[in-house]
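Participant: Following is a predicted model, sequence given first.
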Amino acid sequence: MSGNCAYESPEMTELLGETLRPGGFDLTDKGVKFCEWTAADLLLDLGCGQGATVSYLNHSHGLKAMGIDPSRKLLDIARKNNPDGVFEVGSGEAIPYKDAVFEGVLSECTLSLMSDRVAALKEVHRVLKKGGSFYITDVYARNPESLDQLRSHQFESCMRGLYDLKELAADVKKLGFEVLLIEDHSELLKQLLVKTIFEFGSMNAFWKKTGGACAAGFQEALKPCKPGYYMMIARKAE
Ligand SMILES: C[S@@+](CC[C@H](N)C(=O)[O-])C[C@H]1O[C@@H](n2cnc3c(N)ncnc32)[C@H](O)[C@@H]1O
């Protein structure tokens, strides 16, 4: 299983720190409160990256979370930073656990990186107990009409995987979840874009550093899609 080259790059860590997403832990805190998870609940962080959320949930919220990620390199960092944490290689499309074992699944800025999103949603539904919560934060296209051009790029970034949020919400419902909350948090993405331009000079310069040659023309294809950021919370209903 391969990881995601852009998120393993030192420039990404330099820009984002330990949480590889916009907004740090603010939305995580909101999600934890909304889902009312307790210390008795088992939680899975899907695409845990460097393990920052697993550590935060366990140490700052007193919860019981574990993480999976396809990137062995990021998992090595996660284990080094959290010697008491449980981290395993795995992907959203093939979660390496039995049915109905988790009270909660978190997916922070990872659905956009999955090659088969519907398969991943089915997997989340399978591993959740009935009534369990699925907490998602991710990028999306505020103008999905322009997505075709973006999809022709090979660059591995969550931004290449932008999608139509209405389509995602419809898929989530179709697969047996009840959507409890959808909030737009595009201001967090905007803050990150400003920080990126401040630190790297331009978005193009940043994409080139993290994606090399395959980043050519990426920013031009991305802009018309109007990237946004959202939080969704859904509950396994059946
Ligand atoms: C934007 S980073 C977010 C990492 C972490 N959730 C965080 O917020 O710090 C995206 C993560 O998704 C992982 N990823 C890529 N493809 C994946 C897949 N198919 N299933 C699960 N995770 C995936 C990457 O390896 C990376 O760690």
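Facilitator: That came through, no problem.

Participant: Export the least confident helix or strand in the chain by mean pLDDT to CSV, keeping only CA atoms.
Facilitator: Ranking every helix and strand in the chain by mean pLDDT, DSSP states H and E puts helix 5-8 at the bottom, with a mean of 69. Taking Å, rounded to 0.1, in the frame of the first residue of the first chain, the C-alpha atoms of helix 5-8 are listed here in CSV:
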residue,chain,number,x,y,z
CYS,A,5,3.6,11.8,-1.4
ALA,A,6,2.5,15.3,-0.8
TYR,A,7,1.7,14.7,2.9
GLU,A,8,5.0,13.0,3.5
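
Participant: by contact count, what packs against the following helix or strand past it?
Facilitator: The helix or strand immediately downstream of helix 5-8 is helix 10-16, counting by DSSP states H and E. Under the contact criterion of 3 or more Cβ pairs under 8 Å, 6 or more residues apart in numbering; DSSP states H and E, helix 10-16 touches helix 186-200, helix 203-211. Backbone N, C-alpha and C define where each C-beta goes, glycine included.

Participant: Now Gly24: phi and psi?
Facilitator: Dihedral pair for Gly24: phi 50, psi -130, per degrees, to the nearest 10.

Participant: That one: what's it in contact with?
Facilitator: The neighbours of Gly24, taking Cβ atoms under 8 Å, 6 or more residues apart in numbering as the test, are Gly17.

Participant: Read off the pLDDT value for it.
Facilitator: Predicted confidence (pLDDT) for Gly24: 86.

Participant: ok, and which of the helices and strands packed on helix 10-16 has the densest surroundings?
Facilitator: Neighbour counts (mean count of other Cβ atoms under 10 Å) averaged over each of these peak at helix 203-211, with a mean of 19.

Participant: can you give me the angle that one makes with helix 186-200?
Facilitator: Interaxial angle of helix 203-211 relative to helix 186-200 (axes from the mean of the first three to the mean of the last three Cα atoms, to 10 degrees): 80 degrees.
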